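Student: Attaching a predicted model along with its sequence, questions to come.
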Amino acid sequence: MKIGIPRAFLYYKYHYLWETFFEELGIEYIVSPYTNREIYKQGSIWAIDEACLSSKIYLGHVDYLIDKCDYVLVPRVFGYGTDGTVCTKFQAIYDVVKNTFRDRNIKILFYNINPKETANEFRAFLKIGKFLGKKKAAITRAYVIAKQSQKMHQEMDLKYQEQLLEKDGLKILLVGHQYNVYDRYIGSPIIQYLKELGATPIIADICDKKEAREASKQISETLPWAFNKELVGALAIYKDQVDGIILMSSFPCGPDSLVNEIIIRRVKGLPMLNLILDGQDGSAGLETRLESFIDIIKLKKEDEYERKN
Ligand code: SF4
């Protein structure tokens, strides 16, 4: 029995949890490779034109995995209760995958998180474990260890980011969903180029999520989406420690288009760049925009320094 895990969407949020869970249960798994042009192309073929870039990439990863494993892990998340709901893509992706790949007889291992039906995370993992033929005690143990692993890695990331924030030099806050920011095809080139330009990227996704959801109220009290709330809250927490903000979204993202508009209108006093990624070839345009953005910030800082001295 081999489980295929698409390296897209919630993988970036939960990979320590998922991987540790399967390892502890002795279940073999395979993770699809980093997104590349081929995966993006395949996903674009399977997806409807109106789908966002991130969901096209997701389908590309599923396409890669189908013939290489017994079951593909495709979670379905409806929301996190009082912490907020999620974009409809996360509610629909199970059905989208099932229908898109029906002719290839895809077999899906799925978990369902739906606070309205009291389907919480632990129950969801219990179901998966039972489906995989494991006993309740072993599943519970694996889940607890997996949660600890995820928490430990999140704390390590946060500590590292705090050290980056202490450093001198230009710091740019990258505000985007983790599946975009960390994706090798769309997000990593931006991080890399910022570093080449001498800036330190600070990732909004690396934050204390509970604190961020609370802090999001400083910018908007009515955001429905949990993940956007966390990003907006991180922005409220980090904004005084950075020199500029990059809003990074995939085209055409509904939640981000609304949330970014709110951010642009309500967060003042910091240079802001709104990047909408569409997966098209060629990085020259993107590099030019990043370069100009960093130049403007450097000039602004020089002016401020001269005024003070
Ligand atoms: S939040 Fe935006 S990028 Fe993410 S899945 Fe929904 S539409 Fe796509």
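Tutor: Structure's in. What do you need? Quick caveat: nothing in here was measured; it's all calculated off a predicted structure. Numbers count the residues shown, from 1 in each chain.
Student: what's the spacing between residue 42 and residue 197?
Tutor: Relative to residue 197, residue 42 is positioned 32 Å away (criterion: CB to CB, to the nearest Å). The way it works is simple: take the backbone N, C-alpha and C, and place the C-beta from them, glycine included.
Student: which residues touch the spatially closest residue to residue 251 that is not a sequence neighbour?
Tutor: Nearest residue to residue 251, sequence neighbours excluded (CB to CB, 6 or more residues apart in numbering): residue 278, at 4.2 Å. Contact analysis of residue 278 by CB atoms under 8 Å, 6 or more residues apart in numbering lists 53, 250-251.
Student: what is whichever residue of the stretch 101-250 of the chain sits closest to the ligand paired to in the beta sheet?
Tutor: The stretch 101-250 of the chain approaches the ligand most closely through residue 250 (4.5 Å), counting by CB to the nearest ligand atom. Counting by DSSP bridges, residue 250 is bridged to residue 277.
Student: Closest one to residue 69 out of the contacts of residue 278, please.
Tutor: residue 53 (24.6 Å; CB to CB).
Student: you'd agree residue 220 is in a helix?
Tutor: No: per DSSP: H, G, I helix; E, B strand; the rest coil, residue 220 lies outside any helix segment and is coil.
Student: Please name the nearest non-neighbouring residue to it.
Tutor: residue 262 (5.3 Å).
Student: give the contact list for that neighbour.
Tutor: Contacts of residue 262 (CB under 8 Å, 6+ apart): 219-220, 223, 232.
Student: got the buried residues for the helix or strand encompassing residue 152?
Tutor: Secondary structure assignment for residue 152, by DSSP states H and E: helix 136-166. For helix 136-166, the neighbour count (16 or more other CB atoms under 10 Å) marks 139, 142-143, 146-147, 149-150, 154, 161 as buried.
Student: Surely the residue of the stretch 101-250 of the chain closest to the ligand touches residue 52?
Tutor: Yes: with contact defined as CB atoms under 8 Å, residue 250 and residue 52 form a contacting pair (5.0 Å).
Student: Up against the ligand, what does the stretch 201-309 of the chain have?
Tutor: 250, 253-256 (CB under 6 Å from any ligand atom).
Student: Among these, the buried ones, what's the ChimeraX command?
Tutor: To isolate the buried ones among those in ChimeraX, judged by 16+ other CB under 10 Å, type:
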select :250,253,255,256
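Student: what residue ranges in the chain score low on pLDDT?
Tutor: Scanning the chain for pLDDT under 70 picks out 281-282.
Student: ok, which stretches of the stretch 201-309 of the chain are strands?
Tutor: Taking DSSP state E, counting those that start in this stretch as the criterion, the stretch 201-309 of the chain carries its strands at 244-250, 272-277.
Student: winner for burial among those?
Tutor: Most buried of the strands of the stretch 201-309 of the chain by mean neighbour count (mean count of other CB atoms under 10 Å) is strand 244-250; its value is a mean of 23.
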